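Visitor: sequence plus the predicted model coming up.
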Amino acid sequence: MEQLQSFFPLILLFMVIYLFMIRPQVKKQKQEKNFVSELKKGAKVITKSGMHAKVLDINQDGTCLLETSAGKMKFEISAISMDMSKKLNSPEKKK
């Protein structure tokens, strides 16, 4: 019984780490994967560096062609920010 009690804090620590660190990260990765799979031509996006663009083409090799005010640019799909793009495309709240 004492051996079980000595492992209890370790088990509790693992549970806390799982609930507050691992699980939210896995959830975020699933959301990002879902966002990338739903990305389509004509969608307005913002890259992680802050460039506003419109998707022109999505390639199978993990890149996409974006149209910015400076012209057409090729980006990795992972460079598109899910959070900022969702804010851009969400309907504005009326005050």
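Guide: Received it, and whenever you're ready, just let me know what you need.
Visitor: could you look up the SS state of the residue nearest the centre of the chain?
Guide: Using Cα atoms, centre = their mean, the residue of the chain that lies closest to the mean C-alpha position is E32, 3.3 Å off. Of the three states, E32 takes helix under DSSP: H, G, I helix; E, B strand; the rest coil.
Visitor: going forward can the numbers begin at 578, since that is how I track them
Guide: With 578 as the first residue, the last one maps to E609.
Visitor: dihedrals phi and psi, the residue lying closest to it once chain neighbours are set aside?
Guide: Of all residues not flanking E609 in the chain, M659 sits nearest, at 5.3 Å (Cβ to Cβ, 6 or more residues apart in numbering). The way it works is simple: take the backbone N, C-alpha and C, and place the C-beta from them, glycine included. Main-chain dihedrals, M659, degrees, to the nearest 10: phi -70, psi -50.
Visitor: and M659, what is it in contact with?
Guide: Neighbour list for M659: 608-609, 612 [criterion: Cβ atoms under 8 Å, 6 or more residues apart in numbering].
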